[in-house]
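J.: next comes the sequence, and after it the predicted model I'd like to discuss.
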Amino acid sequence: MGSPVIEVENLVKVYAGGTRAVDGISFRVEPGELVGFLGPNGAGKTTTIRILATLLVATSGTARVAGFDVAKHAADVRRRLGLAMQTPTLDSFATGRENIELIGRMHRVPRAELKRRTDELLELMGLTAVARKLAGTYSGGMRRRLDLACALVHRPQVLILDEPTEGLDPQSRMALWEELERISHDGTTMLLTTHYMEEADRLCNRVAIIDSGRIVVDGTPAGLKAGIGADTVTLQLEARGPEDLARQQEDVRTSLSGFESLESVAPEPFGVRLAVRDAGRAIPELMRRLDRNGQAVRVIGLTVGQPSLDDVFVKYTGRRIRAEAADQPLILGW
Amino acid sequence: MIRDFLYEAWYLGLRTLRRFFRVPANWIGIILFPLIQLFVFSQLFKDIIQLPGFQASGSGSYLAYLAPGQIAFTAFFAVAWSGSAILVEYRNGYMDKLRATPIHRVSILAGELAPLFIESAIMAGGILVLSVLLGATIKTGLSGAALILVLSGLFGMAWAGTSFVPAFLTKSEQATGTLSLLFFPIAFMSTAFVPPALMPGWLQVVNSWNPITFLIEAIRPLMVSGYDWAAIGKALVAIAVLGLVLQSATLWSFRRLTA
């Protein structure tokens, strides 16, 4: 491995109003990696990306992209960077082809190469048929793909994507994931932000969970999930009223006390939730122990869940991430 | 450095022109009001031409007297909302997309501003052609007509600052056209409708400082008599001063916006 493509040290951004959007972030992205920033809205993901893309100046700390300091050598960074923002930014009154070509020209892609590259990207993104239509007439998925094509036209060394599938229907999202996987496979280093667990899980080699302007944990999706150390087993109980339910929940607790695979027991509205190590093997023994109690605990349903990034997120931030639409900045004028 | 700037402004400018001409509402909206004024006022005040003050202008009909003013107003309207497109792109992030490419920041502004010369000239040309169809003449022929378009284009480019500055300072689309309300005082305190001889004293003073009057007074001889180089020279100076003041303010407010 060469030197890191992105290298961020102690990055801080305090906005004029006093908001500490980024509060001491440090990380590295090695060549060819696909790294995801996972976090809720307002966590500081977009601010970090804007600093890396030379669009915003950090309050303190340093950031280097492709070996160049973003504050001191912005032009060198821009030449090597492809950027796609949270909402696709296109010229609605230009055709798909014109959109790609303009960005290519701004990057000084030579004329003949630009023609070839534009054709190639239109083909790749499945936009050849609509290349001569105005981008304003494109669907959400097409706009995303065109935006991505614009970001790739100059063959950037590093691709930075802010919420690349925000607002897409599931089908378009899947298609875009495949596209991003392919681009990553071709060797482009990528950093993306997302608040979709699934997206981080499926796409990223490495995930950094970011909350309140800090990276709280960083690792491979599998490693982070393994770090949870237990599966979630939910028992649904048949109860006659709340008192009966409370008694049964207590019975489950006493029956299972001393069971070595059990990590924790927590009451649920219709039963109990257990954190169990290696649930697949532990369940028969778990059920036997509950059975010894005779009719006292009436289990009518059982579900086993693998730990998800959701659980990882809850473990490290104490909160659940919500799949809400990303915030749009509200700019008021007079 | 300069070559880079010109290259970037050229391609960004082509984009701006495309955006303007691909939406018919843009140019219909600009041309409609001056056309209505030209058509209705030339009928309504047909006989006003017989008033003594009009003889000096050399216009044979009120339509001929009215046309130069409407051509100038077209250049005015062509740029009255010129700040809104760039503001929309500032908000939706397209400007950031451009700023994340290795270009000069000021190329983005130049790519918006330079095409306004062509937009205003072509719009003014439209009204010029329509007024000829309605019965006005161009004594100086095609080269005079070309000169009219150049003057209109330059005026449009200079005047665009009245839309850019409030747009950049307030970041509000509504504000981009607020100063277009200046149309009313500027139009009615100019020589577009009546010659200065028929104005009260105070209005003559205001009129003599009205930038659009210089443009109208340069265009009118080109249409009704011949080349009046003194008037053309004055118009160029007035446009240059106006442009220098307004576009310096535009540049300053653009830097402030994108800082």
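T.: Cool, the structure landed. Residues are numbered from 1 along each chain as shown, chains lettered A, B, ... in the order given.

J.: where do the helices sit along the chain?
T.: Going with chain A. Using DSSP state H, the helices of chain A run over residues A:45-52, A:74-79, A:96-106, A:111-124, A:140-152, A:170-185, A:197-203, A:221-228, A:241-256, A:279-291, A:309-317.

J.: ah, no, chain B please
T.: B:2-21, B:24-44, B:62-78, B:83-92, B:94-99, B:105-134, B:141-159, B:161-170, B:173-176, B:183-188, B:201-209, B:211-224, B:229-257.

J.: what's next to the second one, contact-wise?
T.: Residues external to helix B:24-44 that are found in contact with it (C-beta atoms under 8 Å, 6 or more residues apart in numbering or on different chains): B:20-21, B:61-63, B:66-67, B:70-71, B:73-74, B:77-78, B:122-123, B:126-127, B:130-131, B:134, B:193. For every residue, glycine as well, the C-beta is placed using N, CA and C.

J.: looking at chain B, which residue is nearest chain A?
T.: residue B:172 (2.7 Å; C-beta to the nearest C-beta).

J.: near residue A:7, how many residues? Count them for me, please.
T.: The burial count assigned to residue A:7 is 18, neighbours taken as other C-beta atoms under 10 Å in any protein chain shown.

J.: is it in a bridge, and if so with what?
T.: Following DSSP bridges, residue A:7 is listed with bridge partners residue A:28, residue A:64.

J.: including mean neighbour count and mean pLDDT, could the helices of chain A go into a markdown table?
T.: A markdown table is the format used below for the helices of chain A (neighbours: other C-beta atoms under 10 Å in any protein chain shown; pLDDT from 0 to 100):
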| stretch | mean neighbour count | mean pLDDT |
| --- | --- | --- |
| helix A:45-52 | 24 | 94 |
| helix A:74-79 | 19 | 95 |
| helix A:96-106 | 25 | 97 |
| helix A:111-124 | 16 | 95 |
| helix A:140-152 | 23 | 93 |
| helix A:170-185 | 16 | 89 |
| helix A:197-203 | 20 | 88 |
| helix A:221-228 | 16 | 85 |
| helix A:241-256 | 15 | 88 |
| helix A:279-291 | 15 | 86 |
| helix A:309-317 | 19 | 78 |
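
J.: switch these over to a markdown table; also include distance to residue A:265.
T.: Supplementary listing: the helices of chain A in a markdown table, determined by distance: least, C-beta to C-beta, whole Å:
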| stretch | distance to residue A:265 |
| --- | --- |
| helix A:45-52 | 35 |
| helix A:74-79 | 52 |
| helix A:96-106 | 56 |
| helix A:111-124 | 52 |
| helix A:140-152 | 44 |
| helix A:170-185 | 35 |
| helix A:197-203 | 25 |
| helix A:221-228 | 16 |
| helix A:241-256 | 5 |
| helix A:279-291 | 11 |
| helix A:309-317 | 16 |
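
J.: near chain A, which residues of the stretch 151-259 of chain B? Just list them.
T.: The stretch 151-259 of chain B comes close to chain A at residues B:170-175, as judged by C-beta under 8 Å from any C-beta of the partner chain.

J.: local confidence estimate at the most centrally placed residue in chain B?
T.: Centroid-nearest residue in chain B, with C-alpha atoms, centre = their mean: residue B:75, separated by 2.6 Å. If you check residue B:75, the pLDDT there is 96.

J.: sorry, back to before: quick one, phi/psi of the residue of chain B closest to chain A?
T.: phi -120, psi 130 (degrees, to the nearest 10).

J.: report pLDDT for it.
T.: Reported pLDDT for residue B:172: 87.

J.: over to residue A:331?
T.: Value listed for residue A:331 in the pLDDT field: 47.

J.: next: residue A:322.
T.: 55.

J.: with residue A:159 instead?
T.: For residue A:159, pLDDT reads 96.

J.: wait, isn't it in contact with residue A:190?
T.: Yes. If you go by C-beta atoms under 8 Å, residue A:159 and residue A:190 touch, sitting 4.7 Å apart.

J.: name the residue in the two with the higher neighbour count.
T.: residue A:190 (25 against 22).

J.: tell me what that one is bridged to.
T.: Beta-bridge partners, per DSSP bridges, of residue A:190: residue A:34, residue A:159.
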